[in-house]
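**Student:** Let me see the structure of the following:
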Amino acid sequence: MSNKNTSEIKFLVELDENRVPEKLMWSAQDGGVEAQEAKAIMLSIWDSKAKESMRIDLWTKDMPVDEMKIFFHQTLVAMSETFKRATDDEKMSDTMKDFCDYFAEKLELGK
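**Tutor:** Residues are numbered from 1 along each chain as shown. Got it, this is the predicted structure:
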């Protein structure tokens, strides 16, 4: 009999009367995170039957635009690194990183 392990990640979204997120909290016990506040969440899930991604994009109404730009940039950089690890396609990963540099330059995000 195999010993299966499971891990759980939870998101709690507090909404205002118009169902706009006011507060985002997340927990990941295996990662030592318990009810940590966040200002934005972007989650992608692959549906292999439909061959499409599903997304959940949430941010609180008090998320500053300048922080949202940084969040997007860092997410794009992380995606290029994940793409490299997942596909071993260094050429495309480098192309994605070039775009990230361009993105940061156009938004005037200092390194």
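
**Student:** From here on, just use CA atoms for contacts and neighbour counts.
**Tutor:** Will do.

**Student:** quick one: low-confidence ranges for the chain?
**Tutor:** For the chain, applying pLDDT under 70 flags the ranges 1, 111.

**Student:** Nearest the geometric middle of it, what residue?
**Tutor:** Met42 (3.9 Å; CA atoms, centre = their mean).

**Student:** Quick check: that residue touching Leu58?
**Tutor:** Yes: Met42 is within contact range of Leu58, at 6.5 Å (criterion: CA atoms under 8 Å).

**Student:** so where's the longest helix in this protein?
**Tutor:** helix 65-87 (DSSP state H).

**Student:** tilt between the helix or strand harbouring Ile45 and helix 65-87?
**Tutor:** For Ile45, the host element (DSSP states H and E) is strand 40-47. Relative orientation of strand 40-47 and helix 65-87, computed by axes from the mean of the first three to the mean of the last three CA atoms, to 10 degrees: 30 degrees.

**Student:** Who are the packing partners of strand 40-47?
**Tutor:** strand 52-59 (3 or more CA pairs under 8 Å, 6 or more residues apart in numbering; DSSP states H and E).

**Student:** buried residues in the longest helix of the chain?
**Tutor:** Judged by neighbour count using 16 or more other CA atoms under 10 Å, the buried positions of helix 65-87 are 69, 71, 73, 76-77, 80-81, 83-84.
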